[in-house]
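Student: A structural model of the following input is requested.
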Amino acid sequence: MSELESDVKKVKTPIVRSIPIKRRPVHGVLLLDKPLGLSSNDALQKAKWLLRAEKAGHTGTLDPLATGLLPLCFGAATKFSQLHLDADKRYEAIAALGVKTTTGDAEGDVLQRQEVNVSNELLQSVLEQFRGDILQIPPMHSALKKDGKALYEYARAGIEVERVARQVVIYALSGEFIADSAIKLIVKCSKGTYIRTLGEDIGEKLGCGAHLSSLRRTGTGGFDVSQSVTLEQLEAMTEDERLACLLPVESLLEGHSRVTLDAENATRFLNGVRRRGNWLPIKEGEMVAVFGNEPAVLLGTAQVIADELVPGRLLSPQDIEQILI
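Tutor: This is a model prediction of the structure:
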């Protein structure tokens, strides 16, 4: 061994320790344009790290092979994320005709190839059959649980389990050829709709089979992908610019009527006490977003029952104090 080699062996590789970031309370909703190939949870964790947020969650997942709108909730917004799971969704998808796969998308193995001989007239006729209330059998490659295990776990083990058809609603559906064997689908649907299954079922009706080669969520509830930011854009921003991307917590309460309480009633409401008053024109049973007026800030949700404002999900005094900072 040379003297130089001996000296090199004596040099120890320095231990590089990652410095933990200092988390902070962050409250609001970030509309993220999720990239291809990243799971919803990975995208959430990346955004949470960039914002240095203490608490975060998302309002429903997107498959790794899907892109588009993924609302992320931070802090107090996580209390209302469940409400947004029920929101209608909008998608753009490309269905590749003539090829069926094990997963219904481009990730799966090819099961069958068939000749494509589909006219636009046939396509439009078939699409009409899928508008309105329809029944769908959930795909095996989905996160739906069976006996405590996700269906995709059974699928990966080569096990097929019986699934019950579920009713979903296709509010709007249009399609056009973008190639001889590919159609672009634009869908507005209810929660729980599997667009991969929709593409497969359309392919079956066309007589040639199909799978999705791409899927993009363009809207959920009142949110649109045009309002969203990418992870790359977030990375290039300053911390103040990232925080400025957050929508207020109450943006999740679309469709809720609004009631504003004075300081005394606001305090009682936050303690879970029902408030009585003339809430017209709010109807019996209607969901309400409740605000204080001194200061003007969201307090939580409620429901009007027998002219009483019945508290629902409430923000904590600490949440409210942090939001007002």
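Student: For Phe80, which residues are in contact?
Tutor: When contacts are counted by CB atoms under 8 Å, 6 or more residues apart in numbering, Phe80 touches 73, 249, 252-253, 301, 313. To be clear about C-beta, it is placed using only N, CA and C from the backbone, and glycine gets the same treatment.
Student: do Asp262 as well
Tutor: Taking CB under 8 Å, 6+ apart, one finds 292-294 in contact with Asp262.
Student: Now rank those by neighbours and give me the top one.
Tutor: Counting neighbours by other CB atoms under 10 Å, Gly292 leads the contacts of Asp262 with 19 neighbours.
Student: hey, what's it bridged with?
Tutor: Leu261, Val297 (DSSP bridges).
Student: for the one 10 residues further on, same thing?
Tutor: Taking DSSP bridges, one obtains Val288, Pro311 as the residues bridged to Ala302.
Student: Pull the contacting residues for it.
Tutor: Contacts of Ala302 (CB under 8 Å, 6+ apart): 259, 269, 287-288, 290, 309-312.
Student: From these, pick the one nearest Thr197.
Tutor: Ranked by distance to Thr197 (CB to CB), the contacts of Ala302 are led by Met287 at 30.9 Å.
Student: Give me the distance between the closest one and Asp86.
Tutor: As judged by CB to CB, to the nearest Å, Met287 and Asp86 stand 11 Å apart.
Student: Those two: which has the busier surroundings?
Tutor: The neighbour count for Met287 versus Asp86, taken as other CB under 10 Å, is higher for Met287 (15 against 12).
Student: Spell out which residues sit in contact with the closest residue to that one other than its chain neighbours, please.
Tutor: By the measure of CB to CB, 6 or more residues apart in numbering, the closest residue to Met287 outside its immediate chain neighbours is His256, 5.0 Å from it. Residues in contact with His256 (CB under 8 Å, 6+ apart) are 287-289, 301.
Student: Tell me the buried residues within the residues you listed.
Tutor: By neighbour count, with 16 or more other CB atoms under 10 Å, the contacts of His256 hold 288-289, 301 as buried.
Student: would you list the contacts of His256 in JSON lines and tack on distance to Lys145?
Tutor: Formatted as JSON lines, the contacts of His256 follow (distance: CB to CB, whole Å):
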{"residue": "Met287", "distance to Lys145": "28"}
{"residue": "Val288", "distance to Lys145": "33"}
{"residue": "Ala289", "distance to Lys145": "32"}
{"residue": "Thr301", "distance to Lys145": "28"}
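Student: Neighbour-wise, which one of the contacts of Phe80 leads?
Tutor: Leu252 (29 neighbours).
Student: Nearest spatial neighbour of the residue most central in space within the chain, chain-adjacent residues omitted?
Tutor: The residue lying closest to the centre of the chain (CA atoms, centre = their mean) is Gly60, at 3.8 Å. With sequence-adjacent residues excluded and distances taken as CB to CB, 6+ apart, Gly60 is closest to Leu85, at 5.3 Å.
Student: Tyr91 now?
Tutor: Per CB to CB, 6+ apart, closest to Tyr91 is Val187, 4.7 Å.
Student: can you tell me the helix or strand for the one you found?
Tutor: Assigned by DSSP states H and E, Val187 belongs to strand 182-189.
Student: for Ile323, same thing?
Tutor: Secondary structure assigned from DSSP H and E places Ile323 in helix 317-324.
Student: Residues contacting that helix, please?
Tutor: 25, 27, 75-76, 249, 270, 295, 297-299, 315.
Student: Extract the CA atoms of that helix and return them as PDB.
Tutor: Written as PDB, here are the backbone C-alpha positions of helix 317-324 (Å, rounded to 0.1, in the frame of the first residue of the first chain):
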ATOM      1  CA  PRO A 317     -59.500  28.900  20.500                       C
ATOM      2  CA  GLN A 318     -55.900  28.200  19.600                       C
ATOM      3  CA  ASP A 319     -56.700  27.600  15.900                       C
ATOM      4  CA  ILE A 320     -58.600  30.900  15.800                       C
ATOM      5  CA  GLU A 321     -55.800  32.800  17.500                       C
ATOM      6  CA  GLN A 322     -53.200  31.400  15.100                       C
ATOM      7  CA  ILE A 323     -55.400  32.200  12.000                       C
ATOM      8  CA  LEU A 324     -55.700  35.800  13.200                       C
END
